[in-house]
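Peer 1: please work out how this folds:
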Amino acid sequence: MKKWISPALLIITFLLSALGHFLGWNFTLQFILSAISVIFVAGFLGKATESVAHYAGQRLGGFLNATFGNAAELIIAILLVQQGLFDMVKASITGSIIGNLLLVLGLSLFAGGLKFKVQKYNVSLAGLNGSLMVLGIIALFIPAVFLNTHSITESDTKFLSLVVAGILIFAYLAWLLFSMVTHKNYLADVSHKDEELPHEHGPQWSKGRSILYLVIATVMVALVSEWLVGVLEPVSEEYGLSELFVGAFVVAIVGNAAEHSAAIMLAMKNKIGAAVEIAVGSSLQIALFVAPVLVFVSYFSGNTMDIVFTTIELVAIGVAVFIAKSITQDGETNWYEGLMLLAVYVILGVSFYLV
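Peer 2: Predicted coordinates for the structure are as follows:
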């Protein structure tokens, strides 16, 4: 596996980011140092994920990356929920979903497509992923419609949110059982042995070391992301950025840095199955597991967060799901499809910025 990241730079940028945070340096300087550190730490996580994927297979490797990558977002979101900052939490959830479906997946398909004319992965998996994305949209859409049409009260909305959250968690756990156990072979990776890069070799790390590095990298991503998010509010105020834009795009891009790096690296190595699993799998995990868990966390904290999103957020998620499902459902990808996803992401980004 190609060694592209310097351990010295990784450690130096991480330590500088830590010093900036704990010594209270200028907010803008903290932001720049943390952002640079995130890039290197995410690269480290991507390399560890690729090594784990070699031993575990593309799907399980992609699932592990999505899970470890979302761990940082879940921790930060729980802290925000306990502070009652529900609007910021919902904006970050929105940003995570559309960021993974449009930015991460788009960059992966674009980068991989430039190197390989057509990349293929399991078409059955593509179809099921699309259906799960639609399920997530339905679950977010129904409570908002019933509340906004005054068909139910706010207290009923919180009860409905708990019910929907429980159903989504059950559906996600059932999906893991279906995809990883009962129908594992049905959703197996598509082999590209004839298209492997000639200089590709086995991973330079052992199985145990790969898992250890994956855990260490995830902890580093969680720390750097938290430091970066901590200075977002003063930086956004200084440069006149709205809370919606910061939550839906800045926080989401930072929180998904690990997925960005890993998915693009894997796509450029013709491991598009793992790249799609990271991008789409991470979005599904946010919509079907992380968001519902946050509803229950808020409930046990004494102030239940409903699962009602704003019209703007629902439209953004709906558009992302629609274009991502239409592009991925045939199990084949190319660079132009990636470009289309990126175009939609830019349109939404400009629109959110102007709100």
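Peer 1: export stretch 35-52 to PDB, keeping only CA atoms.
Peer 2: C-alpha atoms of stretch 35-52 as PDB (Å, rounded to 0.1, in the frame of the first residue of the first chain):
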ATOM      1  CA  ALA A  35      -8.400  22.100   9.900                       C
ATOM      2  CA  ILE A  36      -4.900  21.200   8.700                       C
ATOM      3  CA  SER A  37      -4.700  18.600  11.500                       C
ATOM      4  CA  VAL A  38      -8.000  17.000  10.400                       C
ATOM      5  CA  ILE A  39      -6.600  16.500   6.900                       C
ATOM      6  CA  PHE A  40      -3.600  14.500   8.100                       C
ATOM      7  CA  VAL A  41      -5.500  12.600  10.800                       C
ATOM      8  CA  ALA A  42      -8.200  11.700   8.200                       C
ATOM      9  CA  GLY A  43      -5.500  10.500   5.900                       C
ATOM     10  CA  PHE A  44      -4.200   8.300   8.700                       C
ATOM     11  CA  LEU A  45      -7.700   6.900   9.300                       C
ATOM     12  CA  GLY A  46      -8.200   6.300   5.600                       C
ATOM     13  CA  LYS A  47      -5.000   4.300   5.400                       C
ATOM     14  CA  ALA A  48      -5.900   2.200   8.500                       C
ATOM     15  CA  THR A  49      -9.400   1.600   7.000                       C
ATOM     16  CA  GLU A  50      -7.900   0.400   3.700                       C
ATOM     17  CA  SER A  51      -5.700  -2.000   5.600                       C
ATOM     18  CA  VAL A  52      -8.600  -3.300   7.600                       C
END
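Peer 1: off-centre distance for that stretch?
Peer 2: Mean-position distance between stretch 35-52 and its chain equals 14 Å (Cα atoms, centre = their mean, to the nearest Å).
Peer 1: for the protein, what's the longest helix?
Peer 2: helix 27-56 (DSSP state H).
Peer 1: flag every buried residue along that helix.
Peer 2: 27, 30-56 (16 or more other Cβ atoms under 10 Å). Every C-beta, even on glycine, is put in place using the N, C-alpha and C of the backbone.
Peer 1: and the pLDDT at the nearest residue to residue 217 once chain neighbours are set aside?
Peer 2: Counting by Cβ to Cβ, 6 or more residues apart in numbering, residue 45 is the residue found nearest to residue 217 once chain neighbours are left out, at 3.8 Å. In the prediction, the pLDDT value recorded for residue 45 is 77.
Peer 1: now the helices for the stretch 1-150 of the chain?
Peer 2: Residue ranges of the helices in the stretch 1-150 of the chain, as given by DSSP state H, counting those that start in this stretch, are 7-22, 27-56, 58-82, 86-98, 105-115, 123-148.
Peer 1: and of those helices, who's closest to residue 207?
Peer 2: helix 27-56 (4.8 Å; Cβ to Cβ).
Peer 1: switch the helices of the stretch 1-150 of the chain over to a markdown table, and while doing so, append distance to residue 326 to every line.
Peer 2: Listed next are the helices of the stretch 1-150 of the chain as a markdown table, based on distance: least, Cβ to Cβ, whole Å:
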| stretch | distance to residue 326 |
| --- | --- |
| helix 7-22 | 38 |
| helix 27-56 | 27 |
| helix 58-82 | 21 |
| helix 86-98 | 15 |
| helix 105-115 | 12 |
| helix 123-148 | 8 |
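Peer 1: ranking those by burial, who's on top?
Peer 2: helix 86-98 (a mean of 25; mean count of other Cβ atoms under 10 Å).
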